[in-house]
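Novice: Let me see the structure of the following:
(one chain, ligands or ions: 1)
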Amino acid sequence: MVGFMGCGKSSFGRRLAGELHWELIDTDREIERRADATIPEIFSRQGEEAFRKLEREVIADAVASECDTIVALGGGAVCREGVMEMLAGVGETIYLKMPTERLVKRMSTVGRAKRPKITGMGDAELAAFIEKTIPEREKYYNRATFVLDCGDTPDDTLLRMLVQYISNLDIK
Ligand code: S3P
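Specialist: Predicted coordinates for the structure are as follows:
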């Protein structure tokens, strides 16, 4: 599952995995577990490149998993050549496409503080950041096998749509 920061990949991922009785890998949480540090700590102590290296290792391990697994990927995780292709080789990718206004509303001050790239931003600054960054990232996000245009559809309805989509896949 891919999408911009704050679109709900972690919470949809958790709920989806629960409904489907699948495994869940949340890349951000797995990186924190392996590094024994929070994402802001990794960024400030080791820099973004070190974080991206860890992120890539976690994705490579997730791809190697033999179980039915939902992978909730950090917003920047797929924005390098080769990552979407690596994921496409083993399964479906879902892009949760969400309007800027909804992303801004979803991300509290605390949520922003957990994300080094947007820490301390007010609503207007965050909206401008999203508007600038999404077109750059959509080059990758839009390679997903399914784009769920979230609009203002309620979370519970989106979850049902995701369950339906995955249930209809011909997964052996
Ligand atoms: C990032 C998104 C974050 C986290 C890190 C960098 C990004 O994950 O991986 O702060 O570059 O978009 P979420 O998308 O889960 O917030």
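Novice: Contact residues of this structure facing the ligand?
Specialist: Residues of the chain lying close to the ligand (CB under 6 Å from any ligand atom) are Met5, Gly6, Lys9, Ser10, Asp28, Ile39, Gly74, Gly75, Gly76, Arg115, Pro116, Lys117. (Glycine included, C-beta is placed from N, CA and C.)
Novice: Can you lay out these as TSV showing secondary structure?
Specialist: Below are the residues of the chain next to the ligand laid out as TSV (DSSP: H, G, I helix; E, B strand; the rest coil):
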residue	secondary structure
Met5	coil
Gly6	coil
Lys9	helix
Ser10	helix
Asp28	helix
Ile39	helix
Gly74	coil
Gly75	coil
Gly76	coil
Arg115	coil
Pro116	coil
Lys117	coil
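Novice: In those residues, which residue is surrounded by the most others?
Specialist: Among these, the one with the most neighbours (other CB atoms under 10 Å) is Lys9, at 26 neighbours.
Novice: Pretty sure it sits against Gly3.
Specialist: Yes. Assessed by CB atoms under 8 Å, Lys9 is found in contact with Gly3 at 5.6 Å.
Novice: tell me, what's touching these two both at once?
Specialist: Shared contacts of Lys9 and Gly3, defined by CB atoms under 8 Å, 6 or more residues apart in numbering, comprise Gly75, Leu96.
Novice: Low-confidence bits of the chain, can you list those?
Specialist: Within the chain, the set of residues satisfying pLDDT under 70 comprises 171-172.
Novice: In it, where's the longest helix?
Specialist: What stands out as the longest helix in the chain, according to DSSP state H, is helix 123-141.
Novice: contact partners of it?
Specialist: So helix 123-141 is contacted by 2-4, 75-76, 78-80, 83-84, 95, 97, 100-101, 103-104, 107, 112, 117-118, 121, 147 (CB under 8 Å, 6+ apart).
Novice: Can I get the buried part of those as one PyMOL selection?
Specialist: Once 16 or more other CB atoms under 10 Å is used to decide burial, the buried members of the contacts of helix 123-141 can be selected in PyMOL as follows:
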select buried, resi 2+3+4+75+76+78+79+83+84+95+97+103+104+107+112+118+121+147
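Novice: In helices, which of the contacts of helix 123-141 fall?
Specialist: Val83, Met84, Thr100, Glu101, Leu103, Val104, Arg112.
Novice: Could you find which two of the residues you listed are furthest from each other?
Specialist: Pairwise distances across these peak at 27.9 Å for Val83 and Glu101 (criterion: CB to CB).
Novice: roughly how far out does stretch 74-93 sit from the chain middle?
Specialist: 11 Å (CA atoms, centre = their mean, to the nearest Å).
Novice: Thanks again, I'm all set now.
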